[in-house]
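In: give the three-dimensional model of this entry:
(one chain, ligands or ions: 1)
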Amino acid sequence: MGFLAGKRILITGLLSNRSIAYGIAKAMHRQGAELAFTYQNDRFKDRVAKLAADFGSSLIYPLDVQDDAQITGLFEQLGQQWDGLDALVHSIAFAPGEALEGDFLDGLTREAFRISQEVSTYSFPALVKAARPMMQGRNASVLTLSYLGAVRTMPNYNIMGLAKASLEASVRYLAVTLGPEGIRANAISAGPIKTLAASGIGSFGKLLSFNEHNAPLRRNVTIEEVGNAAAFMCSDLASGITGEIMYVDGGFNTTALGNALPLPQ
Ligand SMILES: NC(=O)c1ccc[n+]([C@@H]2O[C@H](COP(=O)([O-])OP(=O)(O)OC[C@H]3O[C@@H](n4cnc5c(N)ncnc54)[C@H](O)[C@@H]3O)[C@@H](O)[C@H]2O)c1
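Out: Residues are numbered from 1 along each chain as shown. Below is the predicted model:
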């Protein structure tokens, strides 16, 4: 029996078998969780249904986080299947492509800022707000995905760095708000991984190889490794952890000069 046996978990952001959400679903399924998923729009419905079947799930619901009615509708529909929810995984981000390339200020517009914050940040506490009634009395938890660009500059990450900084702040406010209800809120800050969302970031390949050479583990992390950490974070094994940003990045965030020595003469 896995350490998530008996847990009912909703995973958002599943899009392909490269998605971080796929790695999370894999680990959670292996640990015995019952899973439900969301898909962004009808274009992705069949694809997500097939991926969900890999985890024995036929529970898939539409969710475009820019639509309030879909956020409330999601939990109304889920509530007809499940009498409660033990964990919510938020694995969603988006910013317009022109804001993820080159000069931070050149790419900066009011519209790009609004969209990136709305989709990548607001959606997390908004989903938690709607899920809250289903999470009472079950030692539940919520989890989101962040990146080092929240706290350090990163070439081309630009406006998404601002969104992730705000997302990480939301984790702390959620933790203190939901703590008295026994609900925990955490984030995993993952190292770079080649996914569809990541391919929207300028020169992402270079970022991957820089990370690979400079992380203490001298390699990039996998969606399976992020998944294992997510399974732990949403389990009772992590019952004392909330408000935390946990890095799963081969240790990259802990270095200043990476693997730079010996310095060139
Ligand atoms: N890949 C990386 O290098 C990396 C590193 C750290 C953190 N992250 C974060 O992990 C999370 C998942 O991204 P991924 O890398 O697995 O890529 P992905 O492309 O597989 O997943 C991104 C998901 O966001 C969803 N999405 C976008 N706009 C949406 C909207 N309006 N409504 C609902 N869903 C929407 C997409 O449908 C997709 O499922 C993101 O928050 C990302 O910032 C990724």
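
In: element containing Gln70?
Out: Here Gln70 sits within helix 68-81, counting by DSSP states H and E.

In: continuing past that helix, what's the next helix or strand?
Out: Following helix 68-81 in sequence, per DSSP H and E, is strand 87-90.

In: for that next one, name the packing helices and strands.
Out: Here strand 87-90 is seen to pack against strand 8-11, helix 123-131, strand 141-146 when contacts are counted using 3 or more CB pairs under 8 Å, 6 or more residues apart in numbering; DSSP states H and E. In short, each C-beta sits where N, CA and C put it, glycine included.

In: pull the distance from the last one to the chain's centre.
Out: Spelled out, it's strand 141-146. A distance of 6 Å separates the centroid of the chain from that of strand 141-146, by CA atoms, centre = their mean, to the nearest Å.

In: near the ligand, anything from that strand?
Out: Yes. Contact of strand 141-146 with the ligand (CB under 6 Å from any ligand atom) involves 145-146.

In: contact partners of that strand?
Out: Strand 141-146 is contacted from outside by 13, 20, 86-91, 93, 124, 128, 131, 135, 164, 167-168, 170-171, 174, 178, 183-190, 226, 230, 233-234, 238, 242, 245, using CB atoms under 8 Å, 6 or more residues apart in numbering.

In: in strands only, show me those.
Out: Applying DSSP state E to the contacts of strand 141-146, the entries found in strands are 87-90, 184-190, 245.

In: coming back round to it: ok, which of the contacts of strand 141-146 also contact the ligand?
Out: Within the contacts of strand 141-146, those near the ligand by CB under 6 Å from any ligand atom are 13, 20, 91, 93, 190.

In: can you select the buried ones among those residues for me in ChimeraX?
Out: In ChimeraX, this line selects whichever of these come out buried by 16 or more other CB atoms under 10 Å:
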select :13,20,91,93,190
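
In: put together JSON lines for the ones next to the ligand among the contacts of strand 141-146, with pLDDT on each row.
Out: Below are those laid out as JSON lines (pLDDT from 0 to 100):
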{"residue": "Gly13", "pLDDT": "98"}
{"residue": "Ile20", "pLDDT": "98"}
{"residue": "Ser91", "pLDDT": "98"}
{"residue": "Ala93", "pLDDT": "98"}
{"residue": "Ala190", "pLDDT": "98"}
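
In: got the contact list for Ile20?
Out: The contact partners of Ile20, taken as CB under 8 Å, 6+ apart, are 13, 91, 145, 190, 193, 195, 223, 226-227.

In: could I get these as JSON lines with distance to Gln70?
Out: Shown next, in JSON lines, are those (distance: CB to CB, whole Å):
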{"residue": "Gly13", "distance to Gln70": "14"}
{"residue": "Ser91", "distance to Gln70": "17"}
{"residue": "Leu145", "distance to Gln70": "20"}
{"residue": "Ala190", "distance to Gln70": "26"}
{"residue": "Ile193", "distance to Gln70": "27"}
{"residue": "Thr195", "distance to Gln70": "23"}
{"residue": "Ile223", "distance to Gln70": "26"}
{"residue": "Val226", "distance to Gln70": "26"}
{"residue": "Gly227", "distance to Gln70": "26"}
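
In: before we move on, back to that, what's the closest of the ones in strands among the contacts of strand 141-146 to Gly73?
Out: Leu88 (15.5 Å; CB to CB).

In: with adjacent residues omitted, what lies nearest to the closest one?
Out: Nearest residue to Leu88 in three dimensions, chain neighbours excluded: Val142, at 4.6 Å (CB to CB, 6 or more residues apart in numbering).

In: any idea what that neighbour is bridged to?
Out: Leu88, Ala185 (DSSP bridges).

In: buried sites along the helix or strand of the chain with the lowest mean pLDDT?
Out: The weakest-scoring helix or strand in the chain, judged by mean pLDDT, DSSP states H and E, is helix 204-214 (a mean of 94). Neighbour-count burial for helix 204-214, counted by 16+ other CB under 10 Å, picks out 204, 207-208, 210-212, 214.
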